[in-house]
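> My questions are about this predicted structure, shown below with the sequence.
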Amino acid sequence: MEEPPAKRACTDHQTAQLKAYKGTPLELKCVNTIRALAADMVQKANSGHPGAPMGCAPMAHLLWSSAASGGTGRNHSAKNPNWWNRDRFVLSNGHACALQYVMLHLSGYEDCSMDQLKAFRQVGSSTPGHPENFCTDGVEVCTGPLGQGISNAVGMAIAAKHLGATYNTTDFPNIINSKTYVICGDGCLQEGISGEACSLAGHLGLGDLIVLYDDNHITIDGDTDLAFTEDVKMRYESYGWQVLVVDDVANGLDDLRAAIEEGKKCTDKPTLIKIRTEIGFGSPSKQGSASSHGAPLGVPEIEATKGRLYGCDPSQDFLVDEDVAAYFKEQADAGDQALAAWDADFAKYKEAHPDKANELERRFNGEIPEGAFDDLPTFVFGKDKANATRKFSEACINAVAKKMPELMGGSADLTGSNCCQIKGAGDFQKDTPEGSTLRFGVREHAMAAICNGMFAYGGLRPFCATFLQFAGYALGAMRCSALSKFGVIYIMTHDSIGLGEDGPTHQPVEMLESLRSMPNMCVVRAADANEMAAAYQIAINNVHTPTVICCTRGTVAPLEHSSRDKAMKGAYAVIEEEGEGAPDLVMIATGSEVWRCVDAAKALQSNHSIRTRVVSMPCQELFLEQSEEYRRSVLPGNVPTMSVEASAEHGWHRFSHAQIGVARFGMSGPLEQLFQKYGFGAENIASKGKELVDFYKNLGGNVPDLNCRPTFVNFQA
């Protein structure tokens, strides 16, 4: 391609940069344009991180360049950002998002128009301060919490390998064969989650995962020598990765090109390319310094920087010269051509393998197959055996999996305890990628993040499991599930002090309320088999909301009047009060406490003639979505109401006048002894219920109506 003539005179610094550069003038100009645009965005917003985009610009240039132009040939297209077989890109160091937005702009993505680049970090823009998958086409996952993105990428690579093994055929071997590329920084590799995920990636031999590590030696506090002096190369080699080293991308890209090509050829190991960069490259006073990390460079500094970068004009902001725009238009056209070729292949695939093609379409469209819930078990009172709800969970996931092969997941080394094994599902391993059982090992945080990546890839409904207390390890990634609108299914067993002898280190107290307080997180604590069937129907239907299914370790007594359909509303009366008129007392409970409340209600009626309604509330979030009429029909509000849950009391005050909960850590001991000691025996529940009724009688029967209070909508849409 013939180079266009320069449009303006070069400064001495620009001439010197061009002279030292081992590559074409246009290539250098493209890289510098990326640097300048990123710096301009941060300066206009008066907020952001210019340094990493300026240092990583050479990597981005190759990642967004076609193979014919000497780039990676990464398949993607602005015409269809959700193309199933696109090569995924994850910016794990999400604070550098100006870089990603610039590349999406140059590639023709509408969400990153020039106006949107100028609206960087502003309310309502599609260029937020860290990448958000639901906000910007071309962004796969929410990154910013360091280590999450690279861990998500492991999930994407797992998904691609599994789907390829499942749906590719000898005559169509490339229907699903995408690669996953990552840019990450020192901070990502310091976070423990990345070590967990990358260790598993090496074990699984995820050869289509290529990570470009921005080794710029800078963190917010200063040089990485302050706290990060390990040999990253040796660490990743010990994980089973191929590790390549590139010492310079400022003066040419041939070494990086060669390293990426070597990474693409390695099919049995993931690849980490350790790339020495300088943060804030081009800035005369801030290059290589922590001062360029998290603040605008300043107008004089940007002008001086552009004066040093070949092809930039110090007098202009947000400049993309015609030759640069034409270059990236050519790269975008190559992506569109790859999409068109794949579409043509898929049409032929659909003719040759209609069943596989239709199933792929259903799965990537997020459609639930007809009759998916037909085989969910129904508990027959007086006939079926009492059991722990984790065993009911096992029956439910196996019932649904028969018609939903997209269910893929596993446990953090607790498969037998979590009861989450899908019968007949082989292990996903290096040599058996068709398997759908994932052995995450003792890696709870990475497990959740990997599931996020699998969901983001598409075509799968990932699930993962551990003890509820260890959701604390996974909480950062679970929050990302909720934020990203990823319908990951979390199976959390051993959900209270009722796990018994393992004691307070394993007994959750605050975890239920922690999860319930999270926006867009659905928490279901089923009381029996029928409610567990509802939990799985809720979870599967929640395509854009993660669901935590909480399960008991110990056996729960059967409930005569439990209902899957009613449980789908979040709460319902599992035992109605006797006689006419409003009840004297309402007890609300979840999970293993419901049957205990039923026993207490019977005692209150027979011993004290206190007409008691027992409400099972498996899901607060769903109950709050019901009509006011339904909510009041279940919880009148002006009747003495007591909540009973072997967890923290916080959160129950909006539903109840008094609470039986856990206000201290648990203890080691047999389940039933602990329930009695902490006040969850039927005798104490009945005693406290009577005490609550008497309390309001002594006040003349004046019971505050919990439903009679204003509800404010404060967010301004």
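Perfect, I can see it now.
> element containing the most centrally placed residue in the chain, please.
For the chain, the residue sitting closest to the mean C-alpha position, by Cα atoms, centre = their mean, is residue 481 at 3.1 Å. Assigned by DSSP states H and E, residue 481 belongs to helix 471-484.
> returning to that earlier point: nearest residue to the residue nearest to the centre of the chain in space, please, no chain neighbours.
Computed as Cβ to Cβ, 6 or more residues apart in numbering, the closest residue to residue 481 that is not its neighbour in sequence is residue 546, at 4.0 Å. Backbone N, C-alpha and C define where each C-beta goes, glycine included.
> didn't the one you found look like it was pressed against residue 491?
No: look at residue 546 against residue 491 with Cβ atoms under 8 Å: they stay out of range, at 11.7 Å.
> Counting neighbours, what do you get for residue 122?
14 (other Cβ atoms under 10 Å).
> Return the distance of the nearest residue to residue 614 once chain neighbours are set aside relative to residue 685.
Distances taken as Cβ to Cβ, 6+ apart place residue 575 nearest to residue 614, at 4.0 Å, with adjacent residues excluded. Using Cβ to Cβ, to the nearest Å, residue 575 is found at 13 Å from residue 685.
> I'd assumed residue 360 was in contact with residue 459.
Yes: if you go by Cβ under 8 Å, residue 459 and residue 360 touch, sitting 6.8 Å apart.
> Now for these two: what residues contact both?
84, 163 (Cβ atoms under 8 Å, 6 or more residues apart in numbering).
> Got the phi and psi for the nearest residue to residue 86 once chain neighbours are set aside?
Nearest in space to residue 86, with sequence neighbours left out and distances taken as Cβ to Cβ, 6+ apart, is residue 76 at 4.6 Å. The phi and psi values for residue 76, taken as degrees, to the nearest 10, are phi -160, psi 160.
> Report the contact partners of residue 76.
Contacts of residue 76 (Cβ under 8 Å, 6+ apart): 83, 86-87, 89, 107, 138, 335.
> Can you flag which of those residues belong to helices?
residue 335 (DSSP state H).
> give me the number of residues near residue 461?
Here the number of neighbours of residue 461 (other Cβ under 10 Å) works out to 24.
> start at 92 instead
Renumbered: residue one is now 92, and that last one reads residue 552.
> Now do the SS call for the residue lying closest to residue 453 once chain neighbours are set aside.
Setting aside the residues directly before and after it, residue 453 is nearest to residue 460 in space (Cβ to Cβ, 6+ apart), at 6.7 Å. Using DSSP: H, G, I helix; E, B strand; the rest coil, the structure places residue 460 in coil.
> What ranges does the stretch 692-808 of the chain have for its strands?
With DSSP state E, counting those that start in this stretch, the ranges of strands along the stretch 692-808 of the chain come out as 703-707, 732-735, 749-751.
> Output the ones you listed as a markdown table; include the columns mean pLDDT, distance to residue 532 and mean neighbour count.
Formatted as a markdown table, those follow (pLDDT from 0 to 100; distance: least, Cβ to Cβ, whole Å; neighbours: other Cβ atoms under 10 Å):
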| stretch | mean pLDDT | distance to residue 532 | mean neighbour count |
| --- | --- | --- | --- |
| strand 703-707 | 98 | 36 | 27 |
| strand 732-735 | 98 | 37 | 26 |
| strand 749-751 | 98 | 38 | 21 |
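> quick one, which of those strands is nearest to residue 807?
strand 732-735 (33.2 Å; Cβ to Cβ).
> ok now the closest one, how far from the chain's centre?
34 Å (Cα atoms, centre = their mean, to the nearest Å).
> before we move on, what about stretch 565-582?
For stretch 565-582 - counting by Cα atoms, centre = their mean - the centre lies 4 Å from the chain centre.
> buried sites along stretch 475-484?
Within stretch 475-484, the residues that qualify as buried are 478-484, counting by 16 or more other Cβ atoms under 10 Å.
> Just give me how far it sits from the chain centre.
That offset, for stretch 475-484, works out to 29 Å (Cα atoms, centre = their mean).
> okay, how far is it across it, tip to tip?
Distance between the two ends of stretch 475-484: 15 Å, counting by Cα to Cα, to the nearest Å.
> quick check: mean pLDDT across it?
Average pLDDT, stretch 475-484: 97.
> Just give me the neighbour total for residue 195.
27.
> Wasn't it part of a helix?
Yes: counting by three-state DSSP, residue 195 falls inside a helix.
> I'd like to know how far it sits from residue 426.
12 Å.
> Overlap in contacts, the two.
residue 169.
> Quick check: the residue nearest to residue 453 vs residue 493, distance?
Counting by Cβ to Cβ, the gap from residue 460 to residue 493 is 10 Å.
> Which neighbours do the two have in common?
Common neighbours of residue 460 and residue 493 (Cβ under 8 Å, 6+ apart) do not exist.
> Could I get the full set of helices for the stretch 642-791 of the chain?
Assigned by DSSP state H, counting those that start in this stretch, the stretch 642-791 of the chain shows helices spanning 655-658, 685-699, 711-716, 719-725, 762-768, 773-788.
> what about the fifth one, average pLDDT?
Translated: helix 762-768. 98.
> re the thing from before, separation between the residue nearest to residue 177 and residue 269?
10 Å.
> shared neighbours of the two, anything?
177-178.
> what kind of secondary structure is the residue lying closest to residue 257 once chain neighbours are set aside in?
Residue nearest to residue 257 in three dimensions, not counting chain neighbours: residue 525, with 5.7 Å by Cβ to Cβ, 6+ apart. At residue 525, secondary structure determined by three-state DSSP is coil.
> same check, this time on residue 554
strand.
> surely it meets residue 578?
No: using Cβ under 8 Å, residue 554 is not in contact with residue 578, being 10.0 Å away.
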